[in-house]
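Q: predicted model and sequence follow; I will ask about them next.
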Amino acid sequence: MNYYCYYLRTRLTHLKGFLQQSLTLNVSPADANHVIRIHEVDYGRQDYSTCAVGHSQCQVQNVFCSTPGATYRVAEACNGRQTCIVRASSSVFGEPCAGTAKYMQVSYFCERKSVARILCLSAPGKVIRVHAADYGRRNSQTCAAGRPASQLQNVHCLSSTPTYEVARTCNGRNICSISSSNPVYGDPCPGTDKYLHLSFYSVSVEFWLMSLRNKFSNSLLSFRNIDGCF
C-alpha cells in the first residue's frame, strides 16, 4: 500500500512501502522528456504509526532506526531512468535495527533530461570533501550567455540548502554528479536565472575518515571552484 503526496513547489513525490514490498518510481507520460532524480531515501522506522498494522508494540517502539547510505543505493539504481523498482528489504539495505518493523520512504522528483549537471572528480586516489555550495546568483556575469538582462539583475539571490545537499551526495566519493536545478535546492528568487557554484577539496581517504570524527580547520587545504548553469 503506497500513498502519494505532491508538493508543487519542489515537485517531489513521496512514497512509503511496507517491508518486503516493491515500490515503483515512474515519470508520468506528460513528462516524457524527464528522468528520475532521487531526493532522499530512508529505510528503518521514524514514527510509531507508519506501516504498524500487524506488528506488536515492541516492534514499533524504536523510532530512531535509519540506514546509512540508503539514498545512495537507490540513487545509483534509479537516477537518470524513467522507471525504477525498489524493494524494501534488509537484504537490499542491510539490517539497521533487528526486531523493529521497518519500512522504506522514498522522495524523488522528475528532472528534465537537459538540466545542467556538474561532474566532480577527485584527484587520483583521493575522495571529495565539499567546502561550500551556492545556488542562486551573486553576480550578473556568471552563466549569463543567452539570458535576458531582467533575469540577471538580482545578485543577492541564494538558497539556504546547497552545501548540505551537495555534501550529502558527494562527500567521501571520488566522483559524483549533481544537478543545478530548482527541484533540488528550491527557488530562492523566481524570475532570476540561477546557477550552482561549488567548491570542494580532494583529500585522502584517511583524512576524510578523520574529518568524520573531528572538527578542524581547512586552512591548509586548497579547493577547486566549479559553476553549473541552470
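A: Looks like it came in fine. Since the model is a prediction, treat every value here as computed from it, not as a measurement.
Q: what's the helix or strand for Pro188?
A: Mapping Pro188 onto the secondary structure by DSSP states H and E places it in no helix or strand at all.
Q: can you check Ala167 too?
A: In this structure, Ala167 is located in helix 162-170 according to DSSP H and E.
Q: tell me the gap between that helix and the middle of its chain.
A: In terms of Cα atoms, centre = their mean, to the nearest Å, the centre of helix 162-170 is found 7 Å from the chain centre.
Q: tell me which residues in stretch 160-173 are buried?
A: Of the residues in stretch 160-173, those buried under the neighbour-count criterion (16 or more other Cβ atoms under 10 Å) are 162-163, 165-167, 169-172. (C-beta placed from N, C-alpha, C; glycine too.)
Q: where does the residue nearest the centre of the chain fall, phi/psi-wise?
A: When the chain is reduced to its mean C-alpha position, the nearest residue by Cα atoms, centre = their mean turns out to be His39, at 4.2 Å. For His39, the backbone dihedrals are phi -100, psi -50 (criterion: degrees, to the nearest 10).
Q: picking that back up, and of the buried residues of stretch 160-173, the nearest to Val63?
A: Of all those, Glu165 has the smallest distance to Val63: 24.7 Å, by Cβ to Cβ.
Q: Tyr185 is in contact with the closest one, correct?
A: Yes: with contacts counted by Cβ atoms under 8 Å, Glu165 reaches Tyr185, the gap being 6.3 Å.
Q: right, I'll leave it there.
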